[in-house]
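Peer 1: Based on what follows, work out the 3D shape:
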Amino acid sequence: MKWKYHIKRLSKMILNQLELLKTVDYRLYSLYKNNFFTIARTKFMLHETWKERTPIKKVEVINTDAKKFTVSDMLTVGKQYDVINETEEYYQIIDNSGLVGGYYKTYFKEV
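Peer 2: The predicted structure is shown next:
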């Protein structure tokens, strides 16, 4: 039964701290919160700006022979695509659907 008392006590302390934060330091808290989300948004949400970004390079499709997926609907052999982002094994490009998609590098050659 002692643990219930401790949980109630801790929850009251946390609520008191939150109320204090809301009343006294609300401006500082909101400034901190906005800056944190601005930094997080620029570092971790790259997918939201992929369509507006300038391409890194161009690649040309050499095959669409995929074991698991149907790639031929989204890529055309011989067509060149702009690379928006690149990882170790993927290119993110704007495909035939007009959206950014990630594809293995084995389907492409650099132009």
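
Peer 1: Only C-alpha atoms from now on, for both contacts and neighbour counts.
Peer 2: Fine.

Peer 1: The chain: strands as residue ranges?
Peer 2: 57-61, 80-86, 90-94, 100-104, 108-110 (DSSP state E).

Peer 1: will you turn the ones you listed into CSV that also has distance to residue 74, mean neighbour count and mean pLDDT?
Peer 2: Below are the strands of the chain laid out as CSV (distance: least, Cα to Cα, whole Å; neighbours: other Cα atoms under 10 Å; pLDDT from 0 to 100):
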stretch, distance to residue 74, mean neighbour count, mean pLDDT
strand 57-61, 11, 17, 96
strand 80-86, 11, 20, 91
strand 90-94, 9, 20, 90
strand 100-104, 9, 16, 89
strand 108-110, 13, 16, 95
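
Peer 1: what would those look like in JSON lines with distance to residue 71?
Peer 2: Compiled in JSON lines, the strands of the chain are given as follows (distance: least, Cα to Cα, whole Å):
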{"stretch": "strand 57-61", "distance to residue 71": "11"}
{"stretch": "strand 80-86", "distance to residue 71": "14"}
{"stretch": "strand 90-94", "distance to residue 71": "13"}
{"stretch": "strand 100-104", "distance to residue 71": "8"}
{"stretch": "strand 108-110", "distance to residue 71": "12"}
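
Peer 1: can you tell which of these is closest to residue 70?
Peer 2: Within those, the stretch nearest residue 70 is strand 100-104; the backing value is 11.2 Å (Cα to Cα).

Peer 1: and the closest one with strand 80-86, angle?
Peer 2: 90 degrees (axes from the mean of the first three to the mean of the last three Cα atoms, to 10 degrees).

Peer 1: Does anything pack onto strand 100-104? Which helices or strands?
Peer 2: Counting contacts by 3 or more Cα pairs under 8 Å, 6 or more residues apart in numbering; DSSP states H and E, strand 100-104 packs against strand 90-94.

Peer 1: Helices along this protein, start to end?
Peer 2: Listed in chain order, the helices of the chain (DSSP state H) span 2-23, 26-44.

Peer 1: what's the domain layout of the chain?
Peer 2: As assigned by automatic domain parsing, the chain contains the domains 2-44, 49-110.

Peer 1: If I average pLDDT within each of those, which one is lowest?
Peer 2: Here the lowest mean pLDDT among the domains of the chain goes to domain 2-44, at a mean of 55.
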